[in-house]
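Visitor: Curious how this folds, go ahead:
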Amino acid sequence: MSTPHRVGRFVKSSAGAVAAVVAVAALALGPGTTSVALAQSCGGCAGPAVGGAGPVRSWLKKGEFTFRLSQENEEKGRSYRGRRGVENDFSETLRIYRTAATFRYGVTDDWSAELELTHPRFDYSLTPPGGARRSRTFQSQGDTSLTIGRMFDLDGATAAESSHLPQDVIDAFTPRAMKANPRPESATLAIWGGLSLPTGHPEKPDPRIVTRDVSVSNLQTGTGTFDPILRTRLEIPRGDIRWFAEIGARFPVYENRYDYQTGHAEGLVVGASTPLAPTLRASLSMTYQRTARDQYKGDDAAVGGGRWIYGTPALAWDVTESATIDLSVRITAWRDVETKLSDSGHAIQAGLTLRF
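Guide: Have a look, this model is predicted:
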């Protein structure tokens, strides 16, 4: 999941701006060194709109059910503007922890329903000039996505028919999860659509700073609106390699009760997965992500917006026929941000999938 949000950052343009930034930081962080708040999540913190998920078999037969619990950790500690790194004026650090629980049910052999619950946490800290380091934590339940998917069988070819390998070799390297869910290895197209439900906690923006170039941070765990979600995934098995491509988007289409509208996000993933052993699979994917600027009363928020390219190697281990553990690293290969933003070089994700 992934669902998109914006990171607000400091921007230093003159001596007067620096003074304003320090004043805003002191106001936002308060007199203490640590506090806890419920807030909305930032678009820049949300990660890609779609994920590779190459090692994990995604489609279900009628009556089957899967539960996936995942955790992603990321630390944004370097500042960028455009495609270049710039000075991190106040030693700002944003640590992001995204927890997601995903439930998927096979309504029929060709229709599935999915519910995803999220819980983001943002640990933000900075050191103002001449002052002590200040920290603040934003955490709560995030937005919830509910989607329905339809799978289309594109060719009906079995694994044996599409491979040049002997059948006994194919059987030896067929992952346990696929043996437990035998389905013809044909090319498939899955189309998903639904809504992101506003179960997160939106905050009222500070009108004094939200559209100025001195905003401290605009962290949120929810958009405060019902947002359409669309996702399309193509999978093409050819021999022992499964190629996949996925396009996803989230479109907040109106302002929440605080006149704030989260920017839309789109993502494109392409990649392939292959078995390394009977219970071990590997995948490699590339993701292009675009995130638009948030808006307050029709004007662009002070920070956010950009384009990214990620590379994601991943491994999946079928511990049993009904349990799979996966691990991936999302590596930032390229970025072009519209304003000064903090970003990370990589994010680590681990997941556990159970099949019933």
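Visitor: where does the chain have low pLDDT?
Guide: Within the chain, the segments meeting pLDDT under 70 span 1-58, 156-184, 212-218.
Visitor: Try it again at 80.
Guide: Scanning the chain for pLDDT under 80 picks out the ranges 1-59, 155-185, 203, 208-209, 211-219.
Visitor: any chance you could map the helices in it?
Guide: Using DSSP state H, the helices of the chain run over residues 15-29, 167-172, 176-180.
Visitor: tell me what the longest strand out of those in the chain is packed against?
Guide: Selection of the longest strand in the chain by residue count, based on DSSP state E, yields strand 323-343. On a contact count with 3 or more Cβ pairs under 8 Å, 6 or more residues apart in numbering; DSSP states H and E, strand 323-343 meets strand 78-82, strand 306-320, strand 346-355. Just so you know, the C-beta spots here come from the backbone N, C-alpha and C atoms, and that holds for glycine as well.
Visitor: Could you rerun that using 10 Å?
Guide: Contact analysis of strand 323-343 by 3 or more Cβ pairs under 10 Å, 6 or more residues apart in numbering; DSSP states H and E lists strand 65-76, strand 78-82, strand 84-86, strand 93-106, helix 176-180, strand 280-291, strand 306-320, strand 346-355 as its packing neighbours.
Visitor: Make JSON lines out of the ones you listed and add distance to T144.
Guide: As requested, these are exported to JSON lines (distance: least, Cβ to Cβ, whole Å):
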{"stretch": "strand 65-76", "distance to T144": "15"}
{"stretch": "strand 78-82", "distance to T144": "31"}
{"stretch": "strand 84-86", "distance to T144": "36"}
{"stretch": "strand 93-106", "distance to T144": "10"}
{"stretch": "helix 176-180", "distance to T144": "26"}
{"stretch": "strand 280-291", "distance to T144": "20"}
{"stretch": "strand 306-320", "distance to T144": "24"}
{"stretch": "strand 346-355", "distance to T144": "18"}
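Visitor: any chance of those in JSON lines, with mean neighbour count and distance to T147 too?
Guide: Listed next are the helices and strands packed on strand 323-343 as JSON lines, based on neighbours: other Cβ atoms under 10 Å; distance: least, Cβ to Cβ, whole Å:
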{"stretch": "strand 65-76", "mean neighbour count": "18", "distance to T147": "14"}
{"stretch": "strand 78-82", "mean neighbour count": "18", "distance to T147": "32"}
{"stretch": "strand 84-86", "mean neighbour count": "12", "distance to T147": "37"}
{"stretch": "strand 93-106", "mean neighbour count": "19", "distance to T147": "9"}
{"stretch": "helix 176-180", "mean neighbour count": "16", "distance to T147": "22"}
{"stretch": "strand 280-291", "mean neighbour count": "20", "distance to T147": "19"}
{"stretch": "strand 306-320", "mean neighbour count": "19", "distance to T147": "22"}
{"stretch": "strand 346-355", "mean neighbour count": "18", "distance to T147": "17"}
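Visitor: V253: how many residues sit nearby?
Guide: Using other Cβ atoms under 10 Å, V253 is surrounded by 10 other residues.
Visitor: strand partners of the longest strand of the chain, parallel vs antiparallel please.
Guide: Sheet pairing for strand 323-343, assigned by DSSP bridges, gives strand 78-82 (antiparallel), strand 306-320 (antiparallel), strand 346-355 (antiparallel).
Visitor: and that strand with strand 93-106, angle?
Guide: 140 degrees (axes from the mean of the first three to the mean of the last three Cα atoms, to 10 degrees).
Visitor: If anything else comes up later, I'll come back, but that's it for now.
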